[in-house]
Structure formats: C-alpha cells, structure tokens
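K.L.:
no sequence for this one, just the structure:
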C-alpha cells in the first residue's frame, strides 16, 4: 500500500558528477537534426587533429589543468556497451555463487568474462570465443556438477546453439538441474518453456506461472517482469494492478539506480521487424548512414563530429561505447565553435568520463555554450550552481539557468525543476507544478522523471491516484533495463539469418510483456514457412497468439492480422462475424485498412448486414483518415455506385438478359464486332505512333 520513495535528484559526490543530459531518444533526434541540417560554412569545419583542437580550446580558456591527465588515455575507464559485463543475458540471474571458493569458480568466471566481451559478436571470431567459453563451462561442471551458474549458461548455450550444436531438449535438461538447485534464472527459462510449449515441454500455464514466480522471488528481473505482465492482463493469474505495480517496481528501481551512474545510459534498442528488414536492407541503410556521418566528421564537419561523438559516448546505433573516442570528436567540434559539442565536453569533464574530472573546465565549457543559447549547457550550468560544484552555491542563478534550459525543452532541467518543487528547495512546494515538470521530461524519455510520475500517481500527489497509469509508467522504465537486451541480440540473429535463434529471443522477450517483441515474434512466424520446423497449424496458431498479445497492448496492425485470421481461417476457424468485430475495434483506433474492410463487408453482406449506405460511410471515413488512399477509395466508390445502380435496375436487367438469350447468334456477332473494333483501334494507334516517330 505504501508508495516507494521518489527518486529525486541527490547532490552528487564531490567529484562533481552531473548526470549526462541526453537520453537515447534525444540522441536519435540529434542525429536526425544533423541529417536535416544544411552544410556548415567553412568556419565550422574541423580541419584540426584533436590534439591541436585541444590546444586551441586551452588557448581560449575553455580547458584547464595543462597536464596530460586531462587528455583521454587508452587505459581510461570506457564502460563498454551498457549492460555488457553485468548483462543478465550473459551473467544472468546466473545463480552461481561468486563468493564461494570452489575449483569450478575459476573456469566459470573465465567463461563469463569471455561471453561478456563477445556478447554481440557474430563473426567467426565470436563463434570461436563462444566455443571456448563452452569449454570453460564444461570444465566447471566437471569440477562441480552442481554449479548452478554453469548449468544455466550451458543450458543457454544449447538453447541458442552458441559454441555447441543447438539442442532444445538438452537445454531444458540443464535448466531443470539448475532450477532444482534454486537458480532463479533457470526458473525463468523453464517458465518460458512451459508457457509456450518449447523444448519438448507441453504447454502448461500453471507450471509456467510457478517457475516465473520462483524466478521473481529469487530477484530475477525477467521473472519479475513476466509476473507483472501476467497480473496486469490477468494471464494465468488473477488480474491485479497492485500486484503488477509491486513486480514492476523492483526492476524499475534498478534502472533508476543505473541512470544515476555517470556514463551509463541504460536503454534497449527495440527494432520493429517489417518487410524493409528482409535481407537486412534497413540495417544496411542505418549502417551506411552512420558510416557517412563518421566520414563527414573525419573530413571536418562539426555537426557530424558531434553526432558521432554522441553515438560513441552512449554506445548506440551499433557503435561500442567509447568515451575516449567520443572526447576526441567533441574536442574537434568544440574547437570549431560547436555549442553542442562544448556542452557534451562539459558533462564529460564534470563526470570524469574519458577525462579527469575537472569542475573548472566543465564550468568554462558550460558558460561558453550557454552564451550561445544551448539548452543542455544552461542545464549543466544551473546544476553546478544548484549543487555548488566549482562555484558558490546560488539557488537564484541555478533557477535562472534551469528555467532557460527547461523552456528550450531540456528534459534534465525539467526533471530538476520538478524535484525542487517536490522538495520545496529554492521553490515553493507545489505537487501540481512538479507533476507538470516531470511529465514534460518523461515525454522525452527521462527515466527518473517517469519513475517519479509513477510514484506520484500511486500516492496521489498533485493528481488523483491511478494504479493503471502508474503500472504503465513503471513498465516503461523496467523495459529499459539491460536484462531486456534479448531484443538487441534477437535482431542481430535475425540480421545474420539465424531465424530460429532470433525467434526464441523474441518469444522470451514477449513473455516479459515487450510489445515490440510480441509483434516481431508474430511477424517471424508469419514469414517462417520455409524454416519453422513444426506443423503449419502450430505455426499459424502461434502467429495468432502473439498478435493477440500485441493487440492487447494497443498494436493496431496486430488487430488487423487477427481480423484477417478469422476472415480467412488462418490459425482459427473461419468466422466472418468475429472478423468484422475485430475490424470494428481496429477502426476505432483510426485504422484506414479496417474501415475499408468494414465497407467492403457491408457492401457485399459478408459477416455484416448488406448495407450500401454504411459501406459508403466507411469508404468516406478512409478518405478523411488517410489522404494517400484517395485513388483506391475513389475506385471503390465508383464500384459501389455501379453496384447500387445494378441493384436498383435488377428487374429490368433480368428482362433484357432473358430476351437476349433467345438470340444467341446476335450476341455472338456483337461480341465479335467488339473484339474486331478493339483490334482496329490498337492497329490504328500503332500506325499513328509510327508516323509521328518518322
């Protein structure tokens, strides 16, 4: 019943840590803005090696502490891809007791280290490393047959065919051995197996819930999300928003803890599969775009350098997180006068990311960029005054800069203003204003603002209590945790055409309630006739199952697919009435395709009463909803008009038709005359065209 405490901004330690201001959403937006921006003038080009650029910034008084420690070093802490070493996909709720001193622990840790370093490797080297890790795990089990962490990872190796031949049945055997020893990650795997009937297990919802409950009780984030999703929708358990909130809150709190670590930006890239993804076309396009910007940055484009710096700083769009390289790109762009790069450099110096922490340098960079009106530099400056880092604490100046930044859309500034309103620090305590500020930041993907909104909804601070809204917000936060990297590894497997492995990853993520994973699993099964090993009926039933899950979370395209399944009898018995009901539900979400289908069904009386007036109404609704549908809808309306005329004159047409039946010779002659006329028109057209050419 008691709401969890608000995750308000604490003043960071004396190192001057400032939370990096750009969420993944803002990062993608920044890249898009660079793509849309006109080329810079010559004064904004780089043309400076990063060392020279660094020297230029020192001459301008923007960098301080001339010693080499301020420059990035090869040994600087580059945190790697977010969630790599601690990614549950590798280390898991692995259950291996890392504190116990057993001989098996040494090869087990070596295997985990190898898997963490090559978690996303798909080339021959990655496969060799996977085989090497599997050998270490096998050695660990030879030394200790009950090492549950090794049992879990061996099971996952068999499950995905990584380092060993894919064998679903053997994977389940290892999961069962690890679960018998109390491993929560193994319970989560068995919950998945029983939930969908995988690995030789019959589908059994009761057993699935039991294993997922044990996984959640053991602290496994995936198990907690699976149980939360079940309670939220009443799948195999009583529907209970309160229970869903309790389960979602645990992984959400861990995400909040992660975002407060400088340099970590927990986020999972969720790529929705479409026909554009076939053959990797979409991935190649994105890779080409990134390579183009990197080339442009290396050739001297400041905007491109800033964009590449952001990708490296946060480890996005397939680029490994590398603060050292990000620093170099930002330095060159900042020397060319780019305010965005200056702001990023300020945050890197404040946090000690790839450089030695230096509040004086951070302040100089923030001030210079803030003079140019840069929102996130204004936020950084406001935060320094708020916390008293490198300057005397001054709430008046802090509020001035935070308000300037918030007005320009800085999510971090909006969040901090909300936190100040909640606490009554420098501002009057006002829950309504706090809610508004948090809401603005949350719409930009700010994790802590989203979490605080959920807590306010639960406690009724500034607005009525709403468990439903709180659950949705907590779900969104929990889905950003590194334990959901199955989405990324699934997409990587899909791109290299390892379809069975990709499907398993998407189905496992779907079990946790990720709507994109549910949609992707349905899409893969729809396209999987050539490689899916089970019978056709089983495949189509699974397609329908995952579309239903996605539709329950608002996926309109899945609703259309369900309607089609009932219309054509794919995965379910053909039932045009049910099909019409689903199309009606989709039309309420403004789906033009659903409206067109309803119009067609009314026109011909398929599953609905025959009513040409209702058919025209639905066709007209399509026109008002989607202007691109103008041509097909105009044709449909003409056809509808002809249909109406035929119905209106049906009696007369029948009389003429019956009369003509008595003169078959005249009908044949008329038909031949029409054909001859058509031939003559074509020949004449060809003759005229030849004359004109001559």
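P.N.:
In hand now; what should we look at? Just so it is clear, the model here is predicted, and its values are computed rather than measured.

K.L.:
And the pLDDT at residue 24?
P.N.:
Looking at residue 24, its pLDDT is 34.

K.L.:
same thing with residue 322?
P.N.:
In this model, residue 322 is scored at 82, pLDDT.

K.L.:
now do residue 148
P.N.:
Residue 148 is given a pLDDT of 94.

K.L.:
Compute the number of surrounding residues for it.
P.N.:
23 (other C-beta atoms under 10 Å). For every residue, glycine as well, the C-beta is placed using N, CA and C.

K.L.:
Might you report the residue contacts of residue 187?
P.N.:
179, 211, 212, 214, 215, 218, 220, 223 (C-beta atoms under 8 Å, 6 or more residues apart in numbering).

K.L.:
Now render the residues you listed as a markdown table, adding secondary structure, distance to residue 542 and neighbour count.
P.N.:
Listed next are those as a markdown table, based on DSSP: H, G, I helix; E, B strand; the rest coil; distance: C-beta to C-beta, whole Å; neighbours: other C-beta atoms under 10 Å:
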| residue | secondary structure | distance to residue 542 | neighbour count |
| --- | --- | --- | --- |
| 179 | helix | 25 | 25 |
| 211 | helix | 20 | 26 |
| 212 | helix | 19 | 32 |
| 214 | helix | 26 | 20 |
| 215 | helix | 23 | 29 |
| 218 | coil | 29 | 18 |
| 220 | coil | 25 | 30 |
| 223 | helix | 22 | 30 |
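
K.L.:
If we only consider the residues you listed, which is nearest to residue 138?
P.N.:
Relative to residue 138, the closest of these is residue 179; by C-beta to C-beta it sits at 19.8 Å.

K.L.:
Spatially nearest residue to the closest one (excluding sequence neighbours)?
P.N.:
residue 186 (4.0 Å; C-beta to C-beta, 6 or more residues apart in numbering).

K.L.:
I'd like to know the average pLDDT value across the helix or strand containing the one you found.
P.N.:
If you go by DSSP states H and E, residue 186 is part of helix 184-196. Averaged across helix 184-196, the pLDDT comes to 97.

K.L.:
that older thread, ok, the residue nearest to residue 179 - contacts?
P.N.:
Applying C-beta under 8 Å, 6+ apart to residue 186 gives the contacts 95, 148, 151, 152, 155, 174, 175, 176, 177, 178, 179.

K.L.:
correct me, but the last one touches residue 190?
P.N.:
So the one you mean is residue 179. Yes: using C-beta atoms under 8 Å, residue 179 is in contact with residue 190, at 5.6 Å.

K.L.:
Need the residues touching each of those two.
P.N.:
Contacts common to residue 179 and residue 190, judged by C-beta under 8 Å, 6+ apart, are residue 211.

K.L.:
how many neighbours does residue 646 have?
P.N.:
Using other C-beta under 10 Å, residue 646 has 10 other residues around it.

K.L.:
Shouldn't it be within a helix?
P.N.:
Yes: counting by DSSP: H, G, I helix; E, B strand; the rest coil, residue 646 is part of a helix.

K.L.:
and it, what pLDDT?
P.N.:
Per-residue pLDDT puts residue 646 at 84.

K.L.:
same deal with residue 280?
P.N.:
We have a pLDDT of 53 for residue 280.

K.L.:
likewise residue 581?
P.N.:
96.

K.L.:
What of the one 3 residues further on?
P.N.:
At residue 584, the predicted lDDT confidence score is 96.

K.L.:
Poorly predicted segments of the stretch 251-400 of the chain, please.
P.N.:
Scanning the stretch 251-400 of the chain for pLDDT under 70 picks out the ranges 263-265, 276-286, 318.

K.L.:
cool, and the chain?
P.N.:
1-60, 64-101, 118-123, 263-265, 276-286, 318, 653-654, 656-657, 659-663, 694.

K.L.:
In it, which residue is most central in space?
P.N.:
Closest residue to the average C-alpha location of the chain: residue 270 at 2.5 Å, with C-alpha atoms, centre = their mean.

K.L.:
so that residue, which of the three states?
P.N.:
Classified using three-state DSSP, residue 270 is coil.

K.L.:
Apart from its neighbours in sequence, what residue is nearest it?
P.N.:
Nearest in space to residue 270, with sequence neighbours left out and distances taken as C-beta to C-beta, 6+ apart, is residue 516 at 4.3 Å.

K.L.:
Please apply the same query to residue 491.
P.N.:
Excluding its sequence neighbours, the residue lying closest to residue 491 (C-beta to C-beta, 6+ apart) is residue 271, at 4.8 Å.

K.L.:
repeat for residue 449
P.N.:
Nearest residue to residue 449 in three dimensions, chain neighbours excluded: residue 441, at 3.6 Å (C-beta to C-beta, 6+ apart).

K.L.:
just to revisit the earlier point, wait, the residue nearest to residue 270 touches residue 268, no?
P.N.:
No: counting by C-beta under 8 Å, residue 516 stays clear of residue 268, with 9.6 Å between them.

K.L.:
Count the neighbours of residue 575 for me.
P.N.:
Under the neighbour criterion other C-beta under 10 Å, residue 575 is assigned a count of 15.

K.L.:
my guess is it contacts residue 565, does it?
P.N.:
No: taking contacts as C-beta under 8 Å, residue 575 lies outside contact range of residue 565: 9.7 Å.

K.L.:
give the contact list for the residue nearest to residue 270.
P.N.:
270, 271, 272, 487.

K.L.:
Also residue 550?
P.N.:
515, 518, 519, 522, 558.

K.L.:
which element is it on?
P.N.:
Element membership of residue 550, judged by DSSP H and E, is helix 536-552.

K.L.:
still on that earlier bit, from what I can see the residue nearest to the centre of the chain touches residue 485, true?
P.N.:
No: counting by C-beta under 8 Å, residue 270 does not reach residue 485; the two are 10.7 Å apart.

K.L.:
Show me which residues of stretch 669-682 are buried.
P.N.:
By neighbour count on 16 or more other C-beta atoms under 10 Å, the buried set for stretch 669-682 is empty.

K.L.:
returning to that earlier point: from residue 178, how far off is the residue nearest to residue 179?
P.N.:
Relative to residue 178, residue 186 is positioned 4 Å away (C-beta to C-beta, to the nearest Å).

K.L.:
which neighbours do these two share?
P.N.:
Common contacts of residue 186 and residue 178, defined by C-beta under 8 Å, 6+ apart, comprise 95, 148, 151, 152, 155.

K.L.:
Report the contact partners of the closest residue to residue 397 other than its chain neighbours.
P.N.:
Using C-beta to C-beta, 6+ apart and skipping residues adjacent in sequence, the residue nearest residue 397 is residue 385, 4.5 Å away. Residue 385 makes contacts with 391, 393, 394, 395, 397, 398, 401, as judged by C-beta under 8 Å, 6+ apart.

K.L.:
Out of those residues, which end up buried?
P.N.:
For those, a neighbour count by 16+ other C-beta under 10 Å gives the buried set as 391, 397, 398, 401.

K.L.:
okay if I get those as CSV plus distance to residue 317 and secondary structure?
P.N.:
Formatted as CSV, these follow (distance: C-beta to C-beta, whole Å; DSSP: H, G, I helix; E, B strand; the rest coil):
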residue, distance to residue 317, secondary structure
391, 36, coil
397, 37, helix
398, 34, helix
401, 31, helix
